[in-house]
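1. model this:
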Amino acid sequence: MPVDRTDRPEFGGYVQKVPDAIVTADAETRDIVDVSPSATDFFGYSTDQLQSMDVLDLHPADQRERYEQLFETHLANQPAIISRFEDGSSVVVATADGQHRPVEINAWLVDEGSETRFRGVFRDITDRLEKENSLQRQNERLDEFASVISHDLRNPLSVAEGRATLAADECESEHIDHILSALERMEAIVDDTLTLARNGETVGQTESVSITDVVGQCWGMVETADATLVIEDELEFEADAHRLQQIFENLLRNAIEHNDDDVTIRVGRAGEGSIYFEDDGEGIPADQRATIFEPGYTSSTDGTGFGLTIVNRLAEAHGWTVTVSESDEGGARFEFAGVEID
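-> Numbering: from 1, shown residues only. Below you'll find the predicted structure:
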């Protein structure tokens with residue numbers, strides 16, 4: 001049985017100040033025997049009124065049987081924190097003015113002499129649920145947006161590319177190469193936008209990954225020209241391998257496309273819980289470093305402006321922070337902090 005510390009003097013001061021409602025009831029009869037001062041404001045009843053009720057009276061009257069089953073489950077599994085039923089619907093309390101307020105209940109058994117009490121802390125989670133619902137609506141809109149991008153734009157793009165390729169075979173024109181180049185850039189923008197819409201905020205299951213293996217795979221997926229890759233440290237760390245590959249592919253393309261063909265790229269450990277990716281190219285001007293992760297930023301006419309945004313979003317999804325500075329050779333240096341290195 002958990003140790004109850006609510007009889008200590010310091011707990012009394014806590015009860016006086018906490019905005020959550022604390023309710024103590026008889027474990028057998030469910031009659032309320034004590035409440036915190038904040039409970040009167042929380043439920044809208046006086047202390048005497050609350051102490052004349054049982055815990056099921058705090059919930060909607062037309063759902064009493066449902067909350068009785070919840071109480072039994074909560075009692076059997078205490079200490080426990082609940083805010084939803086098994087069907088996903090919210091646990092609510094019915095206030096004196098008839099409002100139904102969603103709550104999170106943290107409850108446990110308390111021994112008080114010969115009596116066993118059931119003490120519950122009721123927390124109003126209205127704001128939390130509103131944020132969750134708002135996020136859910138945003139995710140639904142993102143899914144709709146991704147669907148439009150994926151089907152309604154990609155299909156006509158494929159048709160246009162096919163027609164332009166046929167036109168190039170049938171006639172000569174200085175305009176066709178420009179058309180194909182523009183269509184390829186549009187397709188790249190579509191791919192990057194889909195990456196942001198579908199994957200930019202989440203990571204899947206993490207595992208221990210080798211930086212040599214992941215960066216090596218990425219190196220084989222990009223056009224490297226005469227560039228050189230140097231992996232300074234052999235290390236392993238926790239990451240979503242697929243998302244990590246997207247990070248390094250974007251960094252490699254960024255380094256190769258924005259510097260001379262013979263650029264040298266180095267990857268290694270920057271310190272405790274951090275790794276770095278740097279090159280010896282032209283670097284990023286100090287006055288632009290604060291904006292390079294913003295969508296649409298690019299210093300190239302051929303860039304989509306989403307590559308480094310994807311890097312930053314996927315790093316954040318891992319719980320990492322990424323910063324940019326100047327390498328010892330004057331190029332760009334990206335450091336990822338908060339990495340769980342094995």
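
2. which residues touch the closest residue to Ala239 other than its chain neighbours?
-> If you skip the residues right next to it in sequence, Ala239 has Val209 as its closest partner in space, 5.2 Å away by Cβ to Cβ, 6 or more residues apart in numbering. C-beta here means a position set from N, CA and C on the backbone, and glycine is covered the same way. Going by Cβ atoms under 8 Å, 6 or more residues apart in numbering, Val209 touches 236-239, 241, 244.

3. Quick check: buried residues in the helix or strand hosting Glu72?
-> Assigned by DSSP states H and E, Glu72 belongs to helix 64-76. Residues 67, 70-71, 74 are the ones in helix 64-76 that count as buried (16 or more other Cβ atoms under 10 Å).

4. what's downstream of it, the next helix or strand?
-> Moving toward the C-terminus from helix 64-76, the first helix or strand encountered (DSSP H and E) is strand 80-82.

5. Now that next one: average pLDDT?
-> Averaged over strand 80-82, pLDDT sits at 88.

6. Would you mind confirming that Ile256 makes contact with Met221?
-> No. In this structure, Ile256 is not within contact of Met221 by Cβ atoms under 8 Å, at 11.9 Å.

7. higher neighbour count, those two?
-> When neighbours are counted by other Cβ atoms under 10 Å, Ile256 and Met221 differ, and Ile256 comes out ahead with 20 against 12.

8. where's that one relative to Glu28, distance?
-> Look at Ile256 and Glu28: by Cβ to Cβ, to the nearest Å, they are 73 Å apart.

9. At which residues are the helices of the stretch 201-342 of the chain located?
-> Using DSSP state H, counting those that start in this stretch, the helices found in the stretch 201-342 of the chain span residues 211-219, 241-257, 307-317.

10. Among the ones you listed, show me which one is buried the most.
-> Of all the helices of the stretch 201-342 of the chain, helix 307-317 has the most neighbours on average by mean count of other Cβ atoms under 10 Å, namely a mean of 22.

11. Give me the angle between that helix and helix 241-257.
-> On the basis of axes from the mean of the first three to the mean of the last three Cα atoms, to 10 degrees, helix 307-317 is oriented at 150 degrees to helix 241-257.

12. coming back round to it: as a markdown table, the buried residues of helix 64-76 with pLDDT and distance to Arg128 would be great.
-> Compiled in a markdown table, the buried residues of helix 64-76 are given as follows (pLDDT from 0 to 100; distance: Cβ to Cβ, whole Å):
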| residue | pLDDT | distance to Arg128 |
| --- | --- | --- |
| Tyr67 | 93 | 21 |
| Leu70 | 89 | 19 |
| Phe71 | 88 | 23 |
| His74 | 82 | 20 |
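
13. which of those lies closest to Leu180?
-> The nearest member of the buried residues of helix 64-76 to Leu180, counting by Cβ to Cβ, is Leu70 at 63.3 Å.

14. List the contacts of the closest one.
-> Per Cβ under 8 Å, 6+ apart, neighbours of Leu70: 82, 85, 91.

15. before we move on, back to that, now the helices of the stretch 201-342 of the chain as TSV including mean pLDDT and distance to Ile292?
-> Shown next, in TSV, are the helices of the stretch 201-342 of the chain (pLDDT from 0 to 100; distance: least, Cβ to Cβ, whole Å):
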stretch	mean pLDDT	distance to Ile292
helix 211-219	93	20
helix 241-257	89	9
helix 307-317	87	5
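
16. how about those helices, which one is nearest Thr95?
-> helix 307-317 (38.7 Å).

17. Format the CA atom coordinates belonging to that closest one as CSV.
-> Output in CSV follows, covering the C-alpha atoms of helix 307-317 (Å, rounded to 0.1, in the frame of the first residue of the first chain):
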residue,chain,number,x,y,z
GLY,A,307,15.8,21.4,-46.8
LEU,A,308,17.1,23.0,-43.6
THR,A,309,13.6,23.4,-42.3
ILE,A,310,13.2,19.7,-42.5
VAL,A,311,16.5,19.2,-40.7
ASN,A,312,15.4,21.4,-37.8
ARG,A,313,11.8,20.0,-37.6
LEU,A,314,13.1,16.4,-37.5
ALA,A,315,15.8,17.3,-34.9
GLU,A,316,13.1,18.9,-32.7
ALA,A,317,10.9,15.8,-33.1
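
18. That'll do, ta.
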